[in-house]
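Novice: Starting from these lines, generate the structure:
(chains A and B)
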Protein chains: 2
Amino acid sequence: MILTVTLNAALDLTYRVPRLLPHTEHRVDRSAERPGGKGLNVARVLAALGHDAVVTGFAGGPTGETLRRLLAETAPGVTDALASISGTTRRTVAVVDESTGDTTQLNEAGPEVTQEEWIAFEDRYVRLLAGAEAVALCGSLPPGVPVGAYAHLVRQARARQVPVVLDTSGEPLRRGIAARPDLVKPNAAELAALTGSTAPLEAARDARRRGAHAVAASLGSEGMVAVTPDGTWRATPPRPVRGNPTGAGDAAVAALLAAWHLPWPDRLARAVALSAATVNAPVAGEFDAALYEELLPKVRVTMA
Amino acid sequence: MILTVTLNAALDLTYRVPRLLPHTEHRVDRSAERPGGKGLNVARVLAALGHDAVVTGFAGGPTGETLRRLLAETAPGVTDALASISGTTRRTVAVVDESTGDTTQLNEAGPEVTQEEWIAFEDRYVRLLAGAEAVALCGSLPPGVPVGAYAHLVRQARARQVPVVLDTSGEPLRRGIAARPDLVKPNAAELAALTGSTAPLEAARDARRRGAHAVAASLGSEGMVAVTPDGTWRATPPRPVRGNPTGAGDAAVAALLAAWHLPWPDRLARAVALSAATVNAPVAGEFDAALYEELLPKVRVTMA
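Specialist: Purely as a prediction, here's the structure:
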């Protein structure tokens, strides 16, 4: 099985309004509620690709119960190995302005995780690693979890020869990358924040020097660039990719995990095609299978 | 006891952000969750004033459970007589922009109430009326509840000689007012939508002609105007009243209910002072008791 870790899972609410006007009142006639968090999205895509996917991380309170119920209902192929905590799982609210299609995002910080809960989680993680072909560490850290958490989880995976992908940002990324994960998958903004460089290729090279064995950066509509021990590649979709950037990044992580033993050009082509195929899907963690099959042979991969 | 009816109760979320920028992502470090809906706020104020307050209406799903738990925890003086339903209680999200103090409001529409649930509620309401000194019917209607619901509930109260206050808007107000409630408490916008007139006194007179025995309109920082069988009055706070308009309107309803047998000038003075005293309180349903005592003798009530 492939394990994904979501320490700060969320109950994602999507509100559609005809037009978002700050400082006014809006009646929301169309709302949706779904289990969220990057690692959960990655697991949903993996399950849809036919892989055995297990999610772990934290869930608690009424929102945590709702998240687990919706996960069981909407992603029966994903195994729930989340740890129950005393705090309450956060919500995120995405307000979609139907006049422009743009989204305004409001993300709660997350529950306070106690030291005991964190220690118990480390044990759970090590037990789950024993059965994992690969592991993805995804998203932000909730309050209470040490900022070096991902560095620790990366080291545990490396010590057990379980390939590990890190997809986070800010200080957790900076610390985690130094623990030498097999792969990091930042987007352009995360890479720029880490390295100070807005030139993606240069920034990806810098990120690799910081400790990652390979860096695959997602560049939105421009596809991906990867700096790896085997070479440096650029993968470009046949037409610009637009849409939900969270979903696209999570699909890329899922594709990179699912094609772990293929050569880099093939892995990148799959990641870019799968990202593009999530754009037509209304929610993160879902993709358009026919579009994926159509796009896959058309992705252009060149050495950079 | 005084009964308040909230057919579309809500779990109110308040998110504070340094600045709300549409089409960007915001991390919400300060969030609060509380039981919401106009009738619940009115009951909280009544309980704080020393009255025996009972709330009824609908609650269901995980958000409904959280609402009831928080109501018991934060308003122990309020009796919960809400009816459980199969649907899920709605959420409202208030996004406070800390750079301006302004609020952007997102209100879910509410659960679908079945015909059986509505019929069962009518029975519950009539049983509760038997012990009520007065009743307030507050807020919007959830999907599934007939648009003439308030008209029906007004008639039931009138038939049992229980004084009834109606505080709603739109078509439910238009229909409800025709059933001859003892009092309606619109704000300026609701009054204008009902009557087509933006002159509050003229609009209040028009609203009274539509069936209400008395109309007390809340005019924000300008206080209130009342058109009643005993005369027409204007009540003005000693200084402009600004802040949470929902909380101010609900406090006015609570004051008008609590002082039912006093002369109109006294009732209005209390309503305006209590509205002003809620402005200093961070959340609807709470007020600053010392400020209320200070402002009460200073409210100016004149015949209009």
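
Novice: what residues does chain A put near chain B?
Specialist: Within reach of chain B by C-beta under 8 Å from any C-beta of the partner chain, chain A has these residues: A:13, A:15, A:17, A:20-29, A:31, A:62-63, A:65-66, A:91, A:93, A:95, A:97, A:100, A:102-109. Any C-beta I mention is one placed from the backbone N, CA and C, and that applies to glycine too.

Novice: So which of those belong to helices?
Specialist: A:62-63, A:65-66 (DSSP state H).

Novice: For those residues, which single residue is the most surrounded?
Specialist: Within those, neighbour counts (other C-beta atoms under 10 Å in any protein chain shown) peak at A:Thr63, which reaches 24 neighbours.

Novice: Output stretch A:216-235 in CSV with nothing but the alpha carbons.
Specialist: Output of stretch A:216-235 as CSV, limited to C-alpha atoms (Å, rounded to 0.1, in the frame of the first residue of the first chain):
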residue,chain,number,x,y,z
ALA,A,216,9.7,18.1,-9.0
ALA,A,217,8.1,21.6,-9.1
SER,A,218,4.6,22.2,-10.3
LEU,A,219,4.4,25.4,-12.4
GLY,A,220,0.6,25.7,-12.9
SER,A,221,-0.3,26.1,-16.6
GLU,A,222,3.3,25.6,-17.6
GLY,A,223,3.6,22.0,-16.3
MET,A,224,6.5,20.8,-14.2
VAL,A,225,10.2,21.0,-14.0
ALA,A,226,12.3,18.2,-12.3
VAL,A,227,15.9,18.2,-11.0
THR,A,228,16.9,14.7,-10.2
PRO,A,229,20.0,12.5,-9.9
ASP,A,230,19.3,11.2,-13.4
GLY,A,231,19.0,14.6,-15.1
THR,A,232,16.9,17.7,-15.4
TRP,A,233,13.6,17.8,-17.3
ARG,A,234,10.8,20.1,-18.2
ALA,A,235,7.3,18.6,-18.9
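
Novice: Next, the buried residues of it.
Specialist: For stretch A:216-235, the neighbour count (16 or more other C-beta atoms under 10 Å in any protein chain shown) marks A:216-228, A:232-235 as buried.

Novice: Now for A:Ala109: which residues touch it?
Specialist: For A:Ala109, the contacting residues are A:90, A:142-143, B:27-29, B:31, by C-beta atoms under 8 Å, 6 or more residues apart in numbering or on different chains.

Novice: hmm, I was thinking of A:Asn107
Specialist: By C-beta under 8 Å, 6+ apart, the contact set of A:Asn107 is A:10, A:90, A:92-93, B:25-28.

Novice: cutoff 6 Å now
Specialist: A:92, B:27 (C-beta atoms under 6 Å, 6 or more residues apart in numbering or on different chains).

Novice: From B:Val28, how far out is it?
Specialist: According to C-beta to C-beta, to the nearest Å, A:Asn107 stands 6 Å off from B:Val28.

Novice: Then A:Glu202?
Specialist: From A:Glu202 to B:Val28 the distance is 34 Å (C-beta to C-beta).

Novice: try A:Arg27
Specialist: 22 Å.

Novice: what about the two, which has more around it?
Specialist: B:Val28 (21 against 13).

Novice: How about the more buried one, nearest residue that isn't a chain neighbour?
Specialist: Nearest non-adjacent residue to B:Val28, counting by C-beta to C-beta, 6 or more residues apart in numbering or on different chains: B:Tyr15, 4.5 Å away.

Novice: Report the contact partners of the one you found.
Specialist: Counted by C-beta under 6 Å, 6+ apart, B:Tyr15 has contacts A:106, B:28, B:31, B:95.

Novice: Would you mind listing the two of these that lie farthest apart?
Specialist: Largest separation among the contacts of B:Tyr15 by C-beta to C-beta: B:Ser31 and B:Val95, giving 10.1 Å.

Novice: which one of the two has more residues nearby?
Specialist: More neighbours surround B:Val95 than the other of B:Ser31 and B:Val95, with 23 against 16 (other C-beta under 10 Å).

Novice: Against chain B, how distant is the closest residue in space to A:Thr228 that isn't next to it in sequence?
Specialist: Among residues not flanking A:Thr228 along the chain, A:Ala214 sits closest, at 4.0 Å (C-beta to C-beta, 6+ apart). Distance, A:Ala214 to chain B, by C-beta to the nearest C-beta, to the nearest Å: 27 Å.

Novice: Could you double-check that A:Ala214 lies in contact with A:Val184?
Specialist: No - assessed by C-beta atoms under 6 Å, A:Ala214 is found out of contact with A:Val184, at 7.7 Å.

Novice: These two: which is more packed in?
Specialist: When A:Ala214 and A:Val184 are compared for neighbours, A:Val184 comes out ahead with 29 against 21, by other C-beta under 10 Å.

Novice: Distance check, that one against A:Gln105.
Specialist: On the measure of C-beta to C-beta, A:Val184 and A:Gln105 end up 23 Å apart.

Novice: repeat for A:Gly220
Specialist: For A:Gly220 relative to A:Gln105 (C-beta to C-beta), the value is 16 Å.

Novice: I'd like the contacts of B:Tyr15 as a markdown table, with pLDDT and distance to B:Ile119 appended.
Specialist: Below are the contacts of B:Tyr15 laid out as a markdown table (pLDDT from 0 to 100; distance: C-beta to C-beta, whole Å):
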| residue | pLDDT | distance to B:Ile119 |
| --- | --- | --- |
| A:Leu106 | 96 | 38 |
| B:Val28 | 95 | 41 |
| B:Ser31 | 89 | 38 |
| B:Val95 | 95 | 38 |
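
Novice: For B:Leu82, state which of these is nearest.
Specialist: Nearest to B:Leu82, judged by C-beta to C-beta, of these is B:Ser31 at 24.0 Å.

Novice: what bridges to the nearest residue to A:Gly231 once chain neighbours are set aside?
Specialist: Counting by C-beta to C-beta, 6+ apart, A:Gly231 lies nearest to A:Met303, which is 6.0 Å off, once chain neighbours are set aside. Going by DSSP bridges, A:Met303 is paired in beta bridges with A:Trp233.

Novice: Next one, pLDDT for A:Met303 please.
Specialist: pLDDT for A:Met303: 95.

Novice: ok, now A:Ala43?
Specialist: 97.

Novice: show me where pLDDT drops low in chain A?
Specialist: The model of chain A has pLDDT under 70 over residues A:241-244, A:280, A:282-285.

Novice: any idea how far A:Arg270 is from chain B?
Specialist: 27 Å.

Novice: just checking, that residue touches A:Leu257?
Specialist: No - the pair A:Arg270 / A:Leu257 is not scored as a contact, 10.3 Å apart, by C-beta under 6 Å.

Novice: Just the contacts of B:Tyr15: which are in strands?
Specialist: A:106, B:28, B:31, B:95 (DSSP state E).

Novice: who's more crowded, A:Arg270 and A:Leu257?
Specialist: Using other C-beta under 10 Å as the criterion, A:Arg270 and A:Leu257 rank with A:Leu257 on top: 28 against 24.

Novice: OK, contacts around the more buried one?
Specialist: A:2, A:134, A:136.

Novice: Can you tell me which of the residues you listed is closest to chain B?
Specialist: Among these, A:Ala136 lies closest to chain B (C-beta to the nearest C-beta), at 21.4 Å.

Novice: Now do the SS call for that closest one.
Specialist: Three-state call for A:Ala136 (DSSP: H, G, I helix; E, B strand; the rest coil): strand.
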